[in-house]
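Undergrad: Quick one: sequence plus predicted model below, questions after.
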Amino acid sequence: MPRTGHHRLRRVAIAVLLLAPAAGLLWVPWYAGAEPRLAGTPFFYWYQLAWVPGCGLCLLAAYALTERQRDRRRERRRYRPR
């Protein structure tokens, strides 16, 4: 069965969700300052700590997208005429 645009869009969304935390944390010059402060904590620290739940949410969303795709494949195999 040929891949449709919907499948490609899903794969791109998964890739973006997996690469966003890496890109956001590896580009250190962007967040290597002290300002703005949050409750007296420099930006450098709270930016990194904000990515902890952010990474979890990105991974959860990517996992949900891949599981939905696996479930559809299983259904197709189950109801395929032989």
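TA: Received the coordinates, thanks.
Undergrad: measure the residue most central in space within the chain to residue 23 for me?
TA: For the chain, residue 17 is the residue whose C-alpha lies nearest the centre (Cα atoms, centre = their mean; 2.1 Å). Taken as Cβ to Cβ, to the nearest Å, the spacing of residue 17 relative to residue 23 amounts to 11 Å. In short, each C-beta sits where N, CA and C put it, glycine included.
Undergrad: Next: residue 39.
TA: Summarising the geometry, the distance separating residue 39 from residue 23, computed by Cβ to Cβ, is 27 Å.
Undergrad: Contact partners for the residue nearest to the centre of the chain?
TA: Contact criterion Cβ atoms under 8 Å, 6 or more residues apart in numbering gives 58-59, 61-62, 65 as the residues in contact with residue 17.
Undergrad: Most neighbours among these, please name it.
TA: Among the contacts of residue 17, residue 58 has the most neighbours (other Cβ atoms under 10 Å), with 20 neighbours.
Undergrad: From the chain's centroid, how far away is the helix or strand that contains the residue nearest to the centre of the chain?
TA: Remark: residue 17 resides in helix 5-26, with elements defined by DSSP states H and E. The chain centre lies 6 Å from the centre of helix 5-26; the measure is Cα atoms, centre = their mean, to the nearest Å.
Undergrad: how many other residues sit next to residue 44?
TA: A count of neighbours around residue 44, defined by other Cβ under 10 Å, yields 14.
Undergrad: Report the secondary structure state of it.
TA: Under DSSP: H, G, I helix; E, B strand; the rest coil, residue 44 falls in the helix class.
Undergrad: Next, the contact list for it, please.
TA: So, once contact is read as Cβ under 8 Å, 6+ apart, residue 44 ends up touching 31-34.
Undergrad: what's the closest of the residues you listed to residue 46?
TA: For the contacts of residue 44, the minimum distance to residue 46 (Cβ to Cβ) is 9.5 Å, reached by residue 31.
Undergrad: Just confirm the closest one contacts residue 42, I think it does.
TA: No: assessed by Cβ atoms under 8 Å, residue 31 is found out of contact with residue 42, at 9.8 Å.
Undergrad: that's a helix at residue 33, yeah?
TA: No: under three-state DSSP, residue 33 sits outside any helix and is assigned coil.
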